[in-house]
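Chemist: attaching a predicted model along with its sequence, questions to come.
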Amino acid sequence: MDAIRIGACSWKYPSWAGLVYSGPDADFLSEYAEHFNCVEIDQWFWSLFGKGAPRLPKPSDVANYRRAVPDGFRFAIKAPNSITLTHSYKKAKSDPLVRNEHFLSVELVAQFLERIEALHDVLGPILFQFEYLNRQKMASRDAFLEQFAAFGASFQMVSSTASKSATRSGLMRRSSTRSRQWASCRCLSLATGCRSSRSSMRPTATSSSSSRRSSSV
């Protein structure tokens, strides 16, 4: 059984000086890691700004975060909202919906994983946080589950192809291959779960009949 981990949704709290940190100018993350064994990175979620390219993690930040924590530490990372938003944010309620071309983009996920590669050995869960989806943004629950299942299957296929090419050509470092395999397994697991939940939530003729009988008693 995996160990229970306790952490916070961030480590950037100057008010913790004297409680968790030695002072206001301390190396917050390294001192945080002396007290807790995990933390969430939320800052990379905010990545979709207008029509420009999505903003992805800076390699220098990723490297600094890895250096600040011990090997047994774990980061829970919130995936960029450029991947999980179906449409761009509106500036005003009257503005028309503008579709986000990066929604569930396998290519963008691969780029994101490349950016955070330095964290591969201290990487915990990657959280896909989706917004509230009304019928203007998504036709139905099943439509969303089908898209997400297709995304997981596509990522698994792309990751498998990339791993084979890396093995043959030697152009990709082993750690990068591990990162892709790690993520592809989870995407495939999520996609399989979506298909299963879609089937389990769809009432069968038997359950419908049972419900009618129960309600008539």
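Modeler: Alright, I've got the coordinates.
Chemist: can we go C-alpha only for contacts and neighbour counts from here?
Modeler: OK.
Chemist: once you drop chain neighbours, what's closest to residue 20?
Modeler: Counting by C-alpha to C-alpha, 6 or more residues apart in numbering, residue 20 lies nearest to residue 32, which is 6.5 Å off, once chain neighbours are set aside.
Chemist: give me the neighbour count for that neighbour.
Modeler: 22 (other C-alpha atoms under 10 Å).
Chemist: cool, and residue 35?
Modeler: The local packing of residue 35 (other C-alpha under 10 Å) involves 12 other residues.
Chemist: then the one 3 residues further on?
Modeler: Around residue 38 sit 23 other residues, with neighbours defined as other C-alpha under 10 Å.
Chemist: what about the nearest residue to residue 22 once chain neighbours are set aside, which helix or strand?
Modeler: Closest residue to residue 22 apart from its sequence neighbours, by C-alpha to C-alpha, 6+ apart: residue 31 at 7.9 Å. Assessed by DSSP states H and E, residue 31 sits inside helix 28-32.
Chemist: let me see the ranges of the strands in the chain.
Modeler: Counting by DSSP state E, the chain has strands at residues 7-8, 38-41, 74-78, 123-127.
Chemist: mind putting those strands into CSV with distance to residue 108 and mean pLDDT?
Modeler: Converted to CSV, the strands of the chain look like this (distance: least, C-alpha to C-alpha, whole Å; pLDDT from 0 to 100):
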stretch, distance to residue 108, mean pLDDT
strand 7-8, 27, 96
strand 38-41, 18, 97
strand 74-78, 14, 96
strand 123-127, 14, 93
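Chemist: run through the residues that contact residue 18.
Modeler: Not one residue lies near residue 18 by C-alpha atoms under 8 Å, 6 or more residues apart in numbering.
Chemist: I'd guessed the residue nearest to residue 20 sits against residue 9; true?
Modeler: No. Applying C-alpha atoms under 8 Å, one finds residue 32 not in contact with residue 9, separated by 11.9 Å.
Chemist: re the thing from before, now the strands of the chain in a markdown table, with distance to residue 136?
Modeler: Listed next are the strands of the chain as a markdown table, based on distance: least, C-alpha to C-alpha, whole Å:
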| stretch | distance to residue 136 |
| --- | --- |
| strand 7-8 | 35 |
| strand 38-41 | 30 |
| strand 74-78 | 25 |
| strand 123-127 | 24 |
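Chemist: test my guess that residue 123 contacts residue 71.
Modeler: No. Here residue 123 lies out of contact with residue 71, judged by C-alpha under 8 Å, at a distance of 10.2 Å.
Chemist: those two: which is more packed in?
Modeler: A side-by-side neighbour count of residue 123 and residue 71, using other C-alpha under 10 Å, places residue 123 first with 20 against 11.
Chemist: quick check: the gap between the closest residue to residue 15 other than its chain neighbours and residue 68.
Modeler: Once flanking residues are discounted, residue 15 sits nearest to residue 24: 8.0 Å by C-alpha to C-alpha, 6+ apart. Using C-alpha to C-alpha, to the nearest Å, residue 24 is found at 17 Å from residue 68.
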